[in-house]
Structures are given as C-alpha cells and as structure tokens.
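Peer 1: coords please:
(chains A and B, ligands or ions: 2)
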Amino acid sequence: MTHPRYAIPGSVTPPPATPAASAAAEPAGPPARTVGEVLAQSQVEAVLAELDRDLVGLAPIKARVRDIAALLVIDKLRANFGLEAQSPSLHMCFTGNPGTGKTTVARRMAQILHRLGYVRTGHLVAVTREDLVGQYIGHTAPKTNEVLRKAMGGVLFIDEAYYLYRPENERDYGQEAIELLLQVMENQRDDLVVILAGYKDRMDTFFKSNPGMSSRIAHHLEFPDYSPGELLEIADRMVAGMHYLFGPGAREAFAEYLELRLAQPNFANARSVRNALDRMRLRQASRLFADPGRELSKDDLITLTPADIRASRLFARKPGA
Amino acid sequence: MMTNPTGRLTQGQFSFLPDLTDTEIALQVAYGLRKGYAWSVEYTDDPHPRNTYWEMYGNPMFDLADPAGVLRELTGCRQAFPRHYIRLVAFDSTRGVESIAMSFIVQRPPREPGFQLSRQEVHNRTIRYTIGSYATQDPEGERYGEG
Ligand SMILES: Nc1ncnc2c1ncn2[C@@H]1O[C@H](COP(=O)(O)OP(=O)(O)O)[C@@H](O)[C@H]1O
Ligand SMILES: [Mg+2]
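Peer 2: Ligands and ions are numbered 1, 2, ... in the order given. Coordinates of the predicted model:
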C-alpha cells in the first residue's frame, strides 16, 4: 500500500485559511470614515483628555502629542480607503531636564499608540544603559535582546540614551546595543516603538555621532522646565493625591521653599517637588510621634503645617528666618 | 502496512496537523502568555521519543507581554539550526505546578526518515522490541543532510 487513506499532514492538502488570525486584526463594525469615528472606536480621546487634565503645564508637549495622534488617526482613515502608506515611523526622542515629565508622558504615549492599534499591548519598559550593555565580551547582545523581547508589543523607553555611546572608548560595548536597537527599530516597526530620553544638549551630541539613530527618530519633543507657579500647582496635586492638606500658611511656606530650592544646584523640577513633599511628610510624622499621649484627629493626620516646611535646612541658611 | 508513511515525528501538540504558520504559532504563544507561561525555544537532531531534554536555545523567557519576542528568538534558532527539529515549550511556574504546560514542534528537517523497529530474541523465545531513528545513525550535527 503506497497511499494511506487519510490525508498526509503537510503534503498535498491545501493549507486551511486562518480565519482566527485575520479576524483578530479586523476592527469591530464598519470601517471608520470620520475623525470622530476613529476617535470613538479607539477611545484615544479619553487618554488625550486625561493627559490634559492630569499634567500641569506642558502646553507645547500636549499640542505635539495631539498632533501625533491626529496624524495616526488620519493614517487610519486613509488605510480604510485602501490608501497604502508605509507604516509610519513612531520612534521618538523626549528631551528636557530631570523631572519635567518625560517618563510620565511616555507612559501616556504608549496608551495612545495602543488604542490606535500601533502597538499591540501598550505597556512601557523603561531602561538605562546598565540594562542593555554588558560587562564583558558576548554579554551585551543577550542583555539587549532580553530587553527587546520584554518590550515587544509596547514601548521601549531608554532614559539617558546618550550613555550608550562612549566615544572615548572605541571598544565600548554600547555600540553593539545601539546596532541591535537600530535593526529592530528599522525592521520591526510593528512590534516595537522606541522612545529615547535625556538632556537636550547631550542628546544632540549623541545624534551627531549616531546618524543612523537620528534618522530613525520621527518625532522630537522638547520638555520645558516648569515655572514656579506650575511647580506649586504640581505640589497641590501631589498633596491631594497623597491625601494630605496644606494647613493655614503652609502653601505660602512651600512657595517660599520652592523659590529657595530653585536657586540651588540639581533642581529636578516635579521630582524635587515630590521629594520635598516626602520629607515634609516625614517631619509631620515625627512631630506627631513626639507627642505620644495626644489623641490624633483626622485633621491632625492629614495637615502639613508651615513648621513642617520651614524646618528645611534651606530656611536655616536664610538670615533672620 | 505502513502506519506512518510520512515518517513525520509526532510528539507534543498539533503534530498530526500540517505545520503551523508563523501567525498560528504567534496565536498559540499569545495564548500561553495570557496564561502566564514562560516560553522557551529548544532544538535537537535526535528525535527519539525518550530524548526528553532537547538543547535549550537561550534561557526560558519570563515576563514577556507579546509573542513577537518569542518569534524573534525562534527566528534566531531557525537561522542557527536550519535542519534541526525545533519546538516551543511553555513552562507554568505556578507554585505547585512547576511543569510544562504546552509543547509543539515549529520546525522539522526537510526529510524525516522515521524509525526502525528492531526485535531482539532473548530467552524462551521472548522478543524485545526497540526503536531507533534512522537519522541518528549519522553523527550528531551531520544528520538530515547537513554539509
Ligand atoms: N506636569 C506634571 N503634572 C503633575 N505631575 C508631574 C508633571 N510632570 C511630572 N510630574 C511628576 O513628577 C515626577 C517625575 O516625573 P518624570 O516623568 O519621572 O520626569 P522625567 O522622566 O522627565 O525625569 C513624577 O512623579 C510625575 O508624576
Ligand atoms: Mg524619568
């Protein structure tokens, strides 16, 4: 008997269609024809509104994020008319000083890209040089590949990306990581979006010596420093978010504190605000702790007093304070 | 009568089906990821059914969100071992389970010569049966027409 009476797997029988695969890619309902329909179908408007509402200031950034979303929405509409265009390059660069909201906005961006269907999961993997570059020969590729695998389907956020390139050491393993990144950024655009972040001037130098990287970044977003007013507003939201209150005079004391802190080196915008508030919570706790006999009301527990703020060493330096 | 005229290795899931396409593989991997399994890529050129432990291509992949990472690793393995068997294995690390939850072949050699059944006559006309792959008569790394 030369021919079995059953179909031989993988031979003459035509491969069955894969309905599951094509059905998954199809959006529900008829294809959208208006911007409003795409926005409604993707629910991206909600993320944009949240971005506007949750983040203080950052007007230019919010406008750029909206522009990018608009481009992607129009691309969707074009695709619904069968207008082929190469899938847009979405790799981005966020420059700005520490604490200006780069990581926060990157997370929102991942959600926007996910809702519009440009990344499959919308998660964000944040890394620095240490996560990508190895200590010895043959160590870098597996490390970088592991990070790439974990980030696939979402966004890879590389903080202080310029440290990947160390021109002073021609055998630096960072170059190997850069090359692996470039390959994926070019060939697997549907699988991964890369966002580089760091100080503006250092990033510019990095791009000058890595034209390959520079040419693959489609969007450059510059994050401005916050004004004192914006910082105070950020402090308000953080205090509310942690379920505390500024007691009488405390907000004014914090505004004074910010003025002093701004003049100090290493000021890190919203991050410094968060750290300052954490220290003030500590002082509040110590103040309450020092009085073991007292019955504490809810008000006592949630109120930050001017004293909690003025105990900072920055005030000690000011003569007469 | 030949019971397996194609000589195709049948072990793990889906091995009686036509080879899975990469899209179908990705769907299976995504299913496993949703269950929280860690995938790994394994290869061998010794298809004996008792050869339980195939070579590992890299470490098991924990904490993936998307199948693209597994397919990237699979692509690497296919390039390195174009004529080996390759399978994907999903490990369920849940405490108390800690075991293989899924396993299926994703690459086969171009020609699978199948297995030889040999009979050994021992005392009292008892017969002992054993099988061996024709492929393993060649040394490791030279099987399946590698040059
Ligand atoms: N515009 C803003 N409004 C409210 N909170 C902000 C704003 N920008 C930053 N933050 C907060 O400041 C902290 C640091 O922000 P982050 O995004 O990590 O800055 P970067 O990545 O630029 O250093 C975070 O806790 C974030 O929630
Ligand atoms: Mg950051």
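
Peer 1: and stretch B:104-115, average pLDDT?
Peer 2: Averaging the model's pLDDT scores along stretch B:104-115 yields 93.

Peer 1: then stretch A:31-51?
Peer 2: 83.

Peer 1: report the beta-bridge partners for residue A:222.
Peer 2: residue A:95 (DSSP bridges).

Peer 1: which residues touch it?
Peer 2: By C-beta atoms under 8 Å, 6 or more residues apart in numbering or on different chains, the contact list for residue A:222 reads A:60, A:95-96, A:200. For the C-beta atoms, the positions are set from N, CA and C on the backbone; glycine is no exception.

Peer 1: residue A:245 too?
Peer 2: A:239, A:302-304.

Peer 1: hmm, which of the contacts of residue A:222 are the buried ones?
Peer 2: When the contacts of residue A:222 are checked for burial by 16 or more other C-beta atoms under 10 Å in any protein chain shown, the buried set is A:95-96.

Peer 1: what's the closest of the contacts of residue A:222 to ligand 1?
Peer 2: residue A:96 (5.9 Å; C-beta to the nearest ligand atom).

Peer 1: hmm, back to that, now for the contacts of residue A:245: which two are most distant?
Peer 2: A:239 and A:303 (10.4 Å; C-beta to C-beta).

Peer 1: interface residues of the stretch 51-200 of chain A facing ligand 1?
Peer 2: A:55-58, A:96, A:98-104 (C-beta under 6 Å from any ligand atom).

Peer 1: next step: those restricted to strands.
Peer 2: residue A:96 (DSSP state E).

Peer 1: most neighbours among the residues of the stretch 51-200 of chain A next to ligand 1, which one is it?
Peer 2: Among those, residue A:100 has the most neighbours (other C-beta atoms under 10 Å in any protein chain shown), with 24 neighbours.

Peer 1: for it, which non-adjacent residue is closest in space?
Peer 2: residue A:223 (3.9 Å; C-beta to C-beta, 6 or more residues apart in numbering or on different chains).

Peer 1: show the buried residues in the contacts of residue A:245.
Peer 2: Here, 16+ other C-beta under 10 Å leaves A:239, A:303-304 buried among the contacts of residue A:245.

Peer 1: my guess is the residue nearest to residue A:100 contacts residue A:99. True?
Peer 2: No - look at residue A:223 against residue A:99 with C-beta atoms under 8 Å: they stay out of range, at 9.5 Å.

Peer 1: residue A:128 - how many residues pack around it?
Peer 2: Residue A:128 has 16 nearby residues by other C-beta under 10 Å.

Peer 1: tell me the contacts of it?
Peer 2: Applying C-beta under 8 Å, 6+ apart to residue A:128 gives the contacts A:158-160, A:163.

Peer 1: switch those residues over to CSV; also include neighbour count, distance to residue B:16 and secondary structure.
Peer 2: Output for the contacts of residue A:128, formatted as CSV (neighbours: other C-beta atoms under 10 Å in any protein chain shown; distance: C-beta to C-beta, whole Å; DSSP: H, G, I helix; E, B strand; the rest coil):
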residue, neighbour count, distance to residue B:16, secondary structure
A:158, 25, 45, strand
A:159, 19, 49, strand
A:160, 16, 52, coil
A:163, 18, 52, helix
